[in-house]
Structures are given as C-alpha cells and as structure tokens.
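>>> Here's a sequence, model it:
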Amino acid sequence: ETTNTSKSLLRGLEMIDINEDAIYINGDVVFDPSINELILNYRDQNLICVNNARVSEEEVKYSLGKDNTINYLSKTVNDPLGEAVGINYLNHRYINEFKKCLQSCSDNDYHEKAVELAIEKGIKFYPANIGKRLCIEVDFEQDLKNAAEIWKTLSDE
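Numbering: from 1, shown residues only. Reported below is the predicted structural model:
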C-alpha cells in the first residue's frame, strides 16, 4: 500500500529458500503459459522476458549490450529494441545480490530499478524473447477486454 514493486519483490524473495530460483511476474500480466516453458529452457541464467514490439512512453523498454545481455531496462531507454513484458527469472546464485539491489531502491522504485543496479554490479540478465506468444499487461479497461479475448483463445486450444 505504501511502497512500490521493488519492496514487494524484496519481501517475496526474503520468504524463499536461498537455493531456490524465482520467477517473478507483474500482477497485471496475462500470458500464454508456454512462456513458462521458454523460461525453464534457460534456468542457469537470469532472464527478462521481452518482445520486439513497438513501444510507447508507458512501457518498460530494453536494449542490449555487445554481449547480447540487457544493458538498459527502464521507461526511458534510447533506441529500445522492444518491451520487457513483466515476466522475469532469477537464478538462485544471484538472488542474494539482487536482494541487496532491491534494498538499495527507494520505497517508490519499481523492481526494474533493482535490475539496473544489478547490471551496474556486473550481474547479467539475458533477454528471453517471447516471440508471438500472447502476453498483455492490463492497465486500462480495453486491456482487460483484450486479456479476456486472449484467455478465450488459449482456452480454446
């Protein structure tokens, strides 16, 4: 109620075993469950699920460094490659360091700020491109209608 997603994620990560990996998902994301399978194919690294869609000012955008890892993740990325869709994976080897980054965040920071801090410390996050898999963030009434349509499509398959 009084903090943003960086502190909510920190509370959640403090509740898991130190040897467990973590998938964390923005609570307003509706997605094709096959994205979970995509993530599990790369369990030895940290992942940020992305797409290469056109992005507006509202979306969290990303860009890649020369090593094809994410080098910028925020709403203000210059020349973004696409959107971070709000589904992320942390390998257990990095959770303690990532928790320190979350602790460094202010109460009003989004969890992406901790990713930025982790990248500055040399922790790598790889893009997991969801391709044409369905995924939508529900921010507005029309988004909710679109999500309901996505769910119907997935249920029909």
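>>> Helices of the chain, residue ranges please.
5-13, 34-40, 95-104, 111-120, 141-156 (DSSP state H).
>>> What is the first one packed up against?
Secondary-structure packing of helix 5-13 (3 or more Cβ pairs under 8 Å, 6 or more residues apart in numbering; DSSP states H and E): strand 22-25, helix 95-104, helix 111-120. Placement of C-beta: from N, CA and C, glycine included.
>>> re earlier: hey, which of the helices of the chain is tucked in deepest?
helix 111-120 (a mean of 20; mean count of other Cβ atoms under 10 Å).
>>> residues making contact with it?
5-6, 8-9, 24, 48, 60, 70-74, 84, 88, 94, 97-98, 101-102, 104-105, 125 (Cβ atoms under 8 Å, 6 or more residues apart in numbering).
>>> In this structure residue 84 contacts residue 52, no?
No: applying Cβ atoms under 8 Å as the test, residue 84 and residue 52 come out as separate, 11.5 Å apart.
>>> So for those two, which sits in the more crowded spot?
Legend: neighbour count by other Cβ atoms under 10 Å for residue 84 and residue 52, higher for residue 84 (26 against 14).
>>> tell me which strands and helices the helix or strand of the chain with the lowest mean pLDDT is in contact with?
Least confident element among the helices and strands of the chain, by mean pLDDT, DSSP states H and E: helix 141-156 (a mean of 82). If contacts are counted by 3+ Cβ pairs under 8 Å, 6+ apart, helix 141-156 sits against strand 29-31, strand 135-137.
>>> how does it look with 6 Å?
Here helix 141-156 touches strand 135-137, going by 3 or more Cβ pairs under 6 Å, 6 or more residues apart in numbering; DSSP states H and E.
>>> coming back round to it: right, and the helices of the chain - which one's nearest residue 131?
helix 34-40 (8.4 Å; Cβ to Cβ).
>>> Report pLDDT for the nearest residue to residue 44 once chain neighbours are set aside.
Excluding the flanking residues, the one nearest residue 44 by Cβ to Cβ, 6 or more residues apart in numbering is residue 91, at 6.3 Å. Residue 91 carries a pLDDT score of 96 in this model.
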